[in-house]
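Trainee: Here's my sequence, what's the structure:
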Amino acid sequence: GGGDGEVVLTGIDGRTAGEARMVGLFTSKAYMQQASDIPMLRRKLHDILIAEDLIEGSHDHKAMIELFETFSKHDLFASSTEELLGVLGGLLKLQERDHVKLFIRPDTLHRSVSILVALPRDRFNADLRRELQDMFLEEFGGTSIDYHLALGDADPAQIHFTVWVPEVTDYDFQRLESRVVSMTRSWEERLLGTLISRIDKPTARELARKWAGRFPDYYSASTPIEIAATDMIKVDALARSGAGMSVGLQNEADGGKGERLTRIALYRAGGKRPLSELLPALEDLGLTVVEEIPSRISGPGDYFIHDFGVLRPDGSQIDVEASSQRIVDTLEAAWGRGAESDDLNRLVVSTSLEPRDVEILRAYRTYWRRVAPIFTLAYVNDTLSAHPRLSELLVDLFTERFDPDRDGSRYGEVRDAVLAGLDSIPSIEEDRILRAFLELIEATVRTNFYQEDRPALAFKLVSKAVPDAPLPHPLYEIFVLGPTVE
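Mentor: This next block holds a predicted model:
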């Protein structure tokens with residue numbers, strides 16, 4: 001640390017007539033010596049005690065002296081008595097309050113900014129100090145930063161920062177103080193605040209009271225607060241429902257720390273499941289699984305969270321607003337009810353198709369490969385996934401043809417769109433596959449797809465209209481696909 005002073009000489013007319021600067025370094029003895037033993041600082045302390053009208057020997061009198069003694073020597077020398085009075089008076093008021101306060105004083109020579117963060121002792125930690133340093137360096141465009149920590153016997157703790165800058169620029173004090181207050185809030189406080197922003201206050205307080213202490217320490221230290229709030233809401237809903245599992249999906253916010261992932265969480269009662277049972281369904285959606293963070297929630301119920309960080313094949317996050325519920329439904333069916341899952345589920349992410357819509361394409365694919373096993377399963381799936389718009393149109397055509405809630409008036413329009421899409425495909429093999437799906441839909445005369453609670457999916461087809469079907473052709477055939485039908 002160093003000390004420097006400036007004496008400005010002014011004439012009678014108020015204009016600057018001269019300037020003298022004293023530059024040097026304080027010795028270690030100066031820093032070790034009590035501030036009240038240094039004549040210049042003792043006079044400042046005396047003036048502050050008189051201005052505050054503090055009775056000698058009173059609690060506030062003793063507290064003010066302790067605050068003065070623990071204050072940064074650099075700031076004691078550099079600040080005027082009026083400036084110190086404002087800061088120390090503010091610190092004195094904080095002693096009986098669980099508040100955070102920010103004080104900022106630009107250097108008169110505009111070479112540095114002196115910053116004081118006062119906060120309850122139990123909120124201070126080294127990580128917070130480093131985060132504040134980085135934030136102040138960024139906000140003031142500093143070249144370097146020094147800090148001094150003062151931890152007295154009572155609140156508040158004081159972190160003094162000196163940001164060295166090429167030039168002091170304008171700053172928004174209210175915005176900076178709001179950032180500091182937010183950064184110094186405990187995990188439980190930030191969690192409660194986020195919960196209150198989503199649900200009513202009494203329910204939020206009850207959720208935080210019931211669940212916050214049951215999550216492991218590493219979870220609260222590493223999990224973004226928005227993710228944690230969602231996890232808590234989902235786990236509580238799972239506990240109240242009595243169900244065995246549920247799935248949640250949300251995107252990480254932009255924290256400026258590496259790639260942003262989409263978080264897909266399996267909330268489960270009864271402990272964890274082997275990853276080998278869970279990963280295939282995620283990969284069938286065409287997702288890259290970057291990481292898995294398991295968290296066991298202590299207490300009754302043995303609740304467990306499998307938290308997966310995933311990305312789309314192009315490295316982007318999932319469009320949660322557009323496809324969240326479809327993905328949740330697909331995974332809950334695969335993980336919870338043992339529904340069939342294969343990489344045709346990529347269409348759930350890349351199109352507007354619902355999981356039950358993909359079931360239509362899966363059923364036609366399965367039937368056609370049994371009567372005409374020309375192309376591999378993987379190639380057929382890849383072709384449908386490579387042409388998402390055509391896949392949507394094929395399902396739309398099926399819906400126009402068989403949905404009892406539609407009058408079929410758009411059938412011709414949709415069919416023309418399918419044919420136009422087929423004409424634009426350069427690959428003969430892909431054209432043949434997709435055209436076969438068109439022909440299979442038109443060969444179908446009846447289906448039970450729209451019946452509620454059906455145990456299996458069935459199509460009645462005109463056999464001679466089925467593409468590549470071997471001879472001899474029966475008049476009709478009925479294809480049934482379901483978990484109990486082989």
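Trainee: residue ranges with poor pLDDT in the stretch 201-350 of the chain?
Mentor: Within the stretch 201-350 of the chain, the segments meeting pLDDT under 70 span 254-258.
Trainee: 90 instead?
Mentor: Filtered on pLDDT under 90, the stretch 201-350 of the chain yields the residue ranges 212-213, 217-225, 242-243, 252-259, 270-271, 299-302, 337-340.
Trainee: What are the boundaries of the helices in it?
Mentor: Along the stretch 201-350 of the chain, the segments classed as helices by DSSP state H, counting those that start in this stretch run 201-211, 217-222, 225-241, 275-284, 320-337, 346-350.
Trainee: mind checking which of those is nearest Glu292?
Mentor: Among the helices of the stretch 201-350 of the chain, helix 275-284 comes nearest to Glu292, with 6.5 Å by C-beta to C-beta. C-beta coordinates here come from the backbone N, C-alpha and C atoms, glycine included.
Trainee: buried set for the closest one?
Mentor: The neighbour-count check on helix 275-284 (16 or more other C-beta atoms under 10 Å) flags Leu278, Ala281, Leu282, Asp284 as buried.
Trainee: wait, what's in contact with the second one?
Mentor: What it means is Ala281. With contact set as C-beta atoms under 8 Å, 6 or more residues apart in numbering, Ala281 has these partners: Thr330, Leu331, Ala334, Trp335, Ser341, Asn345.
Trainee: sec struct for Val181, please.
Mentor: What DSSP: H, G, I helix; E, B strand; the rest coil gives for Val181 is helix.
Trainee: hey, where'd the strands end up in the chain?
Mentor: With DSSP state E, the ranges of strands along the chain come out as 3-10, 16-24, 101-106, 112-119, 144-150, 157-164, 245-251, 262-269, 288-297, 303-311, 444-447, 457-462, 476-481.
Trainee: Would you reformat those as a markdown table and include mean neighbour count and distance to Arg209?
Mentor: Formatted as a markdown table, the strands of the chain follow (neighbours: other C-beta atoms under 10 Å; distance: least, C-beta to C-beta, whole Å):
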| stretch | mean neighbour count | distance to Arg209 |
| --- | --- | --- |
| strand 3-10 | 12 | 51 |
| strand 16-24 | 9 | 57 |
| strand 101-106 | 19 | 28 |
| strand 112-119 | 24 | 24 |
| strand 144-150 | 16 | 33 |
| strand 157-164 | 21 | 27 |
| strand 245-251 | 20 | 22 |
| strand 262-269 | 23 | 19 |
| strand 288-297 | 16 | 15 |
| strand 303-311 | 20 | 17 |
| strand 444-447 | 17 | 52 |
| strand 457-462 | 19 | 47 |
| strand 476-481 | 16 | 49 |
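Trainee: So what pairs up with Thr447 in the strands?
Mentor: Here Thr447 shows beta-bridge partners Phe459, assigned using DSSP bridges.
Trainee: which stretches of the stretch 51-200 of the chain form helices?
Mentor: Going by DSSP H, counting those that start in this stretch, the stretch 51-200 of the chain shows helices at 59-70, 73-78, 81-94, 126-140, 173-184, 187-198.
Trainee: residues touching the closest residue in space to Ala386 that isn't next to it in sequence, list them.
Mentor: Spatial nearest neighbour of Ala386, chain neighbours left out: Glu430 (7.1 Å); criterion: C-beta to C-beta, 6 or more residues apart in numbering. Residues near Glu430 by C-beta under 8 Å, 6+ apart: Thr383, Ala386, His387.
Trainee: Okay, Glu430 and Glu252: tell me how far apart.
Mentor: 36 Å (C-beta to C-beta, to the nearest Å).
Trainee: re earlier: make a markdown table out of the buried residues of helix 275-284 and add distance to Gly248.
Mentor: Output for the buried residues of helix 275-284, formatted as a markdown table (distance: C-beta to C-beta, whole Å):
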| residue | distance to Gly248 |
| --- | --- |
| Leu278 | 14 |
| Ala281 | 15 |
| Leu282 | 14 |
| Asp284 | 19 |
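Trainee: Out of those, which is nearest to Ser409?
Mentor: Of the buried residues of helix 275-284, the one sitting nearest to Ser409 (C-beta to C-beta) turns out to be Asp284, at 35.6 Å.
Trainee: My read is that that closest one contacts Asp343, right?
Mentor: Yes. Counting by C-beta atoms under 8 Å, Asp284 does reach Asp343; the two are 4.9 Å apart.
Trainee: I'd like to know how many residues surround Lys464.
Mentor: Close neighbours of Lys464, defined as other C-beta atoms under 10 Å, add up to 13.
Trainee: now it, nearest residue through space, not along the chain?
Mentor: Using C-beta to C-beta, 6+ apart and skipping residues adjacent in sequence, the residue nearest Lys464 is His473, 4.4 Å away.
Trainee: got it, and Asp382?
Mentor: Asp343 (8.0 Å).
Trainee: residues contacting the one you found?
Mentor: Glu283, Asp284, Gly286, Ala378, Asn381, Asp382, Ser385.
Trainee: Of these, which count as buried by neighbour count?
Mentor: Asp284, Gly286, Asn381, Asp382, Ser385.
Trainee: what's the farthest-apart pair in those?
Mentor: Maximum pairwise distance among those (C-beta to C-beta): 12.9 Å, between Asp284 and Asp382.
Trainee: Among the helices of the stretch 51-200 of the chain, which comes closest to Asp407?
Mentor: Taking C-beta to C-beta, helix 187-198 is the member of those nearest to Asp407, at 42.1 Å.
Trainee: Report the backbone C-alpha coordinates of the closest one in PDB.
Mentor: Provided in PDB are the C-alpha atoms of helix 187-198 (Å, rounded to 0.1, in the frame of the first residue of the first chain):
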ATOM      1  CA  TRP A 187     -28.300 -19.700  -0.600                       C
ATOM      2  CA  GLU A 188     -31.400 -20.200   1.500                       C
ATOM      3  CA  GLU A 189     -32.400 -16.500   1.100                       C
ATOM      4  CA  ARG A 190     -31.800 -16.600  -2.700                       C
ATOM      5  CA  LEU A 191     -33.700 -19.800  -2.900                       C
ATOM      6  CA  LEU A 192     -36.700 -18.400  -1.000                       C
ATOM      7  CA  GLY A 193     -36.700 -15.200  -3.100                       C
ATOM      8  CA  THR A 194     -36.800 -17.300  -6.300                       C
ATOM      9  CA  LEU A 195     -39.600 -19.500  -4.900                       C
ATOM     10  CA  ILE A 196     -41.600 -16.400  -4.000                       C
ATOM     11  CA  SER A 197     -41.300 -15.100  -7.500                       C
ATOM     12  CA  ARG A 198     -42.900 -18.300  -8.800                       C
END
